[in-house]
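Engineer: next input, structure requested:
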Amino acid sequence: MPHKIGFTVISSSGHEDGFSARELMVHAPTVNGWRSPRLCQYPQEITLQLVERCRIRKLQLLAHQYMIASKIEFYISESLPEYFAPYQSERFQRLGYVPLSDNEKTDFRARELKSVYMDAVGQYLKLIFHKNYVNKYNLYGQVALVAVNIIGDPADYGIDMSIPTREQLIDHYMGIKSDDPALNGTYLGKHDSISPLDDLAFDMYQDPEVAQIIRRLDERKREAVRLECYDHAKKLKQAIADLQKVGERLGRYEVEKRYAVEKEDYDLAKKKKEQMDEYRLRVYQQLELHDLLDAQLLIRKTELPLGSVSGTESSQNSPPEPADPPQAEPLRAEPVLEEQLVDPTSSEPVVLPYQSPLSPQTQPTTSKEVFPKENVEIVPYDERPLPAICKQVDEAVAFVEPEVIEEDVGDAPRTGNAGEPEQLTQKALREASPVVEVFGETLVSGAYSRTWSCREEALLAVYEKLMEVSVDTPKEDLRNMLRAAVFLVRRAIKDTVSSVFQASLKLLKMIITQYIPKHKLGKMETSHCVETTLPHLLSRTGDSSSRLRLLASTFIQEIALCPEVKPLQIIPVHLAKTLKPNSPTHLAMSHVELVESLLVAMGTENSGFTVSNVMKFATGALEHRAHEVREVVLRIIFAMYREHRAAVLEYFPLDDASARRTVRYKTLFEGFAKIDGKSSESEVRAQRKAAREAEKQTKEEMKVLKSHSEALKLVLQAEVEDEEVSISLLTGSQVYEATAGNIQEELSSVANYLDNLCIFCGERNESFTEEGLDLHYWKHCPMLTRCEHCKQMLEICSLTEHLLTDCDKRDSFGRCPRCREAVPRDELPRHIKSRICNPAKPENVANHCPLCHENFPPGEEAWRSHLMSRDGCKMNQRRTSLLNKTILLQPGKT
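Structural biologist: Prediction:
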């Protein structure tokens with residue numbers, strides 16, 4: 001009986017760090033597999049040595065989701081050359097090659113499992129990988145292989161089997177064929193069958209320890225069948241079925257635990273480990289209860305820790321899944337080797353969903369389970385305990401039967417052959433009876449099929465049928481075909497598979513832009529098409545997949561602007577309806593962006609958009625809870641204000657001071673003022689504050705001058721007393737004139753002191769005239785910097801506030817709540833999540849530099865020390881030039 005053949009990797013042409021070819025020797029849910037070096041030359045190759053000389057029956061390859069080779073060649077040999085070199089293959093016999101899918105249909109979210117049947121004898125197998133498919137994710141032109149599985153027999157197995165056994169002779173005498181369906185799945189007559197436990201998919205989903213238990217139980221089941229102990233065999237079969245689900249769940253926990261360790265969330269990792277141990281213990285206890293546990297595993301069970309672990313996990317801590325999980329269907333391409341040793345009809349390509357290395361291929365459904373006094377209906381399946389007590393001693397363990405779903409690897413239809421759509425249900429027949437009358441049951445069955453490729457092919461078949469319809473066809477038949485096609489399009493728009501969704505858009509666009517104008521069916525049919533499909537298209541603009549959102553939004557814009565739909569004004573009127581404040585963020589964002597773009601393209605004249613309906617929409621959307629939605633709405637309002645100022649102002653509280661004090665309306669009216677070229681309220685307040693500061697400074701200077709005057713008067717009186725000079729002739733007015741003269745001299749000395757001095761950095765230079773100071777401020781002053789966005793000169797200490805409030809690009813910046821710095825809005829979410837910024841301290845505790853992001857003591861003098869000293873800010877380039885200048889001047893001073 002063919003079985004899994006062990007192998008070792010003896011050579012490879014190279015690998016990326018952490019992705020050695022030796023990873024292929026292990027089959028487990030958490031393996032990384034092999035990757036070629038970055039920017040490598042092709043072909044790349046790997047050579048495997050089997051544990052013994054074997055006859056290979058089946059070869060399985062699990063490809064990467066985007067590092068995909070265009071084809072893989074196979075060579076086999078009995079022995080290696082004496083001088084083995086990576087590209088020397090004189091003794092290797094070429095078996096052929098197998099092509100791989102480029103994976104574009106699944107948006108690079110699925111892994112392809114290739115299963116190729118062959119009949120080749122040897123001990124060394126060489127895989128040669130040709131150049132990769134180019135895609136946006138494979139930046140370094142690599143190829144990768146996640147796992148490889150070899151199934152076969154020892155080379156002399158066929159010789160031994162050529163002698164008929166006693167059982168074979170009896171079967172031959174009784175007329176029983178070895179491939180009799182009645183014997184399917186049993187031990188008898190299955191010498192050439194391959195056990196599903198040797199399949200690569202089994203190991204890639206299962207916890208390794210549980211997989212070993214399943215294999216041991218399978219051996220015991222076959223032995224029981226041989227001894228005709230069918231009750232025991234039935235019990236073992238049921239145990240194996242349930243353990244497969246247990247292994248999948250434990251494997252999923254292992255992946256989640258490793259993901260938590262990578263994210264350094266050790267609390268979650270510990271929780272997952274305890275959860276695995278507790279679940280494993282319960283399973284082993286159940287197996288022990290029914291005498292299904294081996295002695296070694298019984299010892300292992302007693303060592304497991306007991307702990308109460310919650311059965312539910314927060315969705316916030318689980319590993320992220322792709323935004324658009326594909327409905328994994330088998331790719332129908334035939335992975336045949338182009339040589340004579342491979343059977344083309346035996347190819348078995350399978351796409352595995354890449355949510356994690358072990359997304360289960362089957363989903364459990366509730367069945368007749370035995371739970372002691374527990375409400376089964378309200379407990380999620382994954383959290384239900386295994387039954388501890390059975391009603392009868394000989395009764396097998398109550399297990400749940402798996403239900404095949406759309407993502408099943410085989411994707412077997414309910415009726416019909418593989419690759420053909422299954423028959424319509426009664427409900428589907430009633431629902432689609434008008435469509436069946438037009439296109440036939442076969443085509444409609446494809447549109448309703450559980451296989452996404454059948455659904456896509458059905459839509460493309462409708463596309464071809466409509467393109468081939470003659471212009472002489474009666475109008476009634478044309479309308480019936482149109483209505484039936486729109487019915488299928490409306491259903492396909494809601495499909496979660498990207499390729500089916502795109503096929504529905506292609507068909508709808510052809511109907512609107514080609515079919516209706518060609519057959520002159522009129523505006524009424526165009527209106528029917530748009531009105532029937534538009535609500536579903538708008539709902540797809542809120543899809544969790546960004547790719548599908550973009551496809552839906554782009555299609556709506558194209559249709560709205562096409563000459564057949566634009567005069568009907570259907571889409572603008574529908575878009576201008578009120579947006580609910582609590583609508584989902586993705587949906588609301590796409591909605592307002594559609595309004596914004598179409599408003600620019602169509603205007604408000606005979607387009608369906610009016611000042612009234614747009615402003616009602618905008619004022620309602622301004623209440624939405626998402627900040628990014630409100631920003632787009634503000635842009636819409638400002639665009640409307642530029643065209644219709646008076647009409648727009650009617651929708652806002654001009655006289656309600658309390659309403660205008662809110663942040664939302666304050667931003668709105670400041671934008672209006674900026675459009676009008678007026679100073680906003682914040683600018684007026686800043687000007688008033690500057691005027692008050694200037695007035696305060698003038699008063700302080702007058703106070704200083706007055707104190708100087710009084711001091712001079714006291715000095716003069718002291719001189720008079722010391723010298724005993726009679727100055728009685730001096731009148732009070734003369735003293736005042738003398739004092740005023742001295743004050744004038746003091747003021748002139750202060751003015752002379754401020755000449756040739758930089759008031760920011762304190763540097764004095766004779767070249768600092770009015771023009772020289774401007775040059776110094778512009779290029780050299782270490783206390784100043786130039787804004788990269790508006791080119792304005794400002795103090796470094798005020799750079800953050802400038803970017804947030806005064807800069808021309810202030811709308812593109814946001815404040816980080818941790819470091820309090822200005823960060824571009826498109827980088828702000830990533831900046832906050834990365835936690836790489838240095839947290840800022842309160843202003844009364846420390847200053848925070850926007851250049852080097854360091855905290856230092858508070859106060860203005862601390863700013864000067866930080867920005868100018870030798871050990872100060874390392875990111876201030878002007879400080880470096882100042883230090884170099886000082887060093888050059890020191891020898892001269894000496």
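Engineer: drop to CA atoms for contacts and neighbour counts, all remaining ones
Structural biologist: Will do.
Engineer: any weak-confidence spans in the stretch 351-500 of the chain?
Structural biologist: Residues of the stretch 351-500 of the chain meeting the criterion pLDDT under 70: 351-419.
Engineer: check the chain too.
Structural biologist: Across the chain (using pLDDT under 70), the flagged ranges come out as 81-90, 156-192, 289-419, 654-662, 679-688, 691, 695, 698-699, 701-754, 880-894.
Engineer: residue 56 is in contact with residue 120, correct?
Structural biologist: Yes - counting by C-alpha atoms under 8 Å, residue 120 does reach residue 56; the two are 5.3 Å apart.
Engineer: which one's more surrounded, those two?
Structural biologist: residue 56 (25 against 20; other C-alpha atoms under 10 Å).
Engineer: that one: which element?
Structural biologist: For residue 56, the enclosing helix or strand under DSSP states H and E is strand 44-63.
Engineer: relative to that strand, what are the paired strands and their orientations?
Structural biologist: Strand 44-63 pairs in its sheet with strand 7-12 (antiparallel), strand 110-129 (antiparallel), strand 144-154 (antiparallel), by DSSP bridges.
Engineer: in a strand, residue 73, correct?
Structural biologist: Yes - using DSSP: H, G, I helix; E, B strand; the rest coil, the assignment for residue 73 is a strand.
Engineer: residues near it, how many?
Structural biologist: Count around residue 73 with other C-alpha under 10 Å applied: 19.
Engineer: so it bridges to which residues?
Structural biologist: Beta-bridge partners recorded for residue 73 (DSSP bridges): residue 97, residue 128.
Engineer: hang on, isn't it packed against residue 96?
Structural biologist: Yes - using C-alpha under 8 Å, residue 73 makes contact with residue 96 at a distance of 5.7 Å.
Engineer: buried ones in the helix or strand hosting residue 666, by neighbour count?
Structural biologist: According to DSSP H and E, residue 666 maps onto helix 663-676. For helix 663-676, the neighbour count (16 or more other C-alpha atoms under 10 Å) marks 665, 666, 668, 669, 670, 671, 672 as buried.
Engineer: in JSON lines: the residues you listed, plus distance to residue 613.
Structural biologist: Formatted as JSON lines, the buried residues of helix 663-676 follow (distance: C-alpha to C-alpha, whole Å):
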{"residue": "665", "distance to residue 613": "20"}
{"residue": "666", "distance to residue 613": "23"}
{"residue": "668", "distance to residue 613": "19"}
{"residue": "669", "distance to residue 613": "21"}
{"residue": "670", "distance to residue 613": "24"}
{"residue": "671", "distance to residue 613": "21"}
{"residue": "672", "distance to residue 613": "20"}
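Engineer: re earlier: then the strand holding residue 56 to PDB, C-alphas only?
Structural biologist: The C-alpha trace of strand 44-63 is given here as PDB (Å, rounded to 0.1, in the frame of the first residue of the first chain):
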ATOM      1  CA  GLN A  44      16.700  27.400  -8.700                       C
ATOM      2  CA  GLU A  45      16.900  23.800  -7.600                       C
ATOM      3  CA  ILE A  46      16.500  21.500  -4.600                       C
ATOM      4  CA  THR A  47      17.700  17.900  -4.400                       C
ATOM      5  CA  LEU A  48      16.000  15.400  -2.000                       C
ATOM      6  CA  GLN A  49      17.300  12.000  -0.900                       C
ATOM      7  CA  LEU A  50      14.600   9.500  -0.100                       C
ATOM      8  CA  VAL A  51      15.100   7.100   2.900                       C
ATOM      9  CA  GLU A  52      15.300   4.200   0.500                       C
ATOM     10  CA  ARG A  53      15.000   3.300  -3.200                       C
ATOM     11  CA  CYS A  54      11.300   3.800  -3.900                       C
ATOM     12  CA  ARG A  55       8.600   3.800  -6.600                       C
ATOM     13  CA  ILE A  56       7.000   7.200  -6.400                       C
ATOM     14  CA  ARG A  57       3.200   7.100  -6.900                       C
ATOM     15  CA  LYS A  58       2.200  10.700  -5.900                       C
ATOM     16  CA  LEU A  59       4.000  14.000  -5.400                       C
ATOM     17  CA  GLN A  60       2.300  16.900  -3.600                       C
ATOM     18  CA  LEU A  61       3.600  20.500  -3.700                       C
ATOM     19  CA  LEU A  62       2.100  23.300  -1.500                       C
ATOM     20  CA  ALA A  63       3.000  26.600  -3.200                       C
END
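Engineer: buried sites along it?
Structural biologist: 44-50, 53-63.
Engineer: and stretch 505-520, by the same measure?
Structural biologist: 505, 506, 507, 508, 509, 511, 512, 513, 515, 516, 519.
Engineer: for burial, what's the neighbour tally of residue 605?
Structural biologist: Neighbours of residue 605 (other C-alpha under 10 Å): 9.
Engineer: outline the domain layout of this structure.
Structural biologist: Recorded structural domains for the chain (assignment: the TED database) are 3-82+89-157, 208-289, 424-563, 569-651, 654-698, 778-886.
Engineer: any chance of these in TSV, plus distance to residue 766?
Structural biologist: Output for the domains of the chain, formatted as TSV (distance: least, C-alpha to C-alpha, whole Å):
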stretch	distance to residue 766
domain 3-82+89-157	58
domain 208-289	60
domain 424-563	62
domain 569-651	51
domain 654-698	27
domain 778-886	15
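Engineer: touching, residue 543 and residue 549? I think so.
Structural biologist: Yes - using C-alpha under 8 Å, residue 543 is in contact with residue 549, at 5.6 Å.
Engineer: in space, what's closest to residue 35 - neighbours in sequence excluded?
Structural biologist: residue 144 (4.3 Å; C-alpha to C-alpha, 6 or more residues apart in numbering).
Engineer: that neighbour: neighbour count?
Structural biologist: 25.
Engineer: ok, now residue 626?
Structural biologist: Count around residue 626 with other C-alpha under 10 Å applied: 18.
Engineer: the one 5 residues further on too?
Structural biologist: Neighbour count for residue 631, taken as other C-alpha under 10 Å: 15.
Engineer: isn't the residue nearest to residue 35 up against residue 33?
Structural biologist: Yes - at 7.4 Å, residue 144 counts as touching residue 33 under the criterion of C-alpha under 8 Å.
Engineer: for the stretch 701-850 of the chain, what spans make up the helices?
Structural biologist: All helices of the stretch 701-850 of the chain, identified by DSSP state H, counting those that start in this stretch, fall at 732-754, 770-779, 799-801, 828-834.
Engineer: what does the last one rub up against?
Structural biologist: If I follow you right, that is helix 828-834. Here helix 828-834 makes contact (C-alpha atoms under 8 Å, 6 or more residues apart in numbering) with 814, 816, 818, 837.
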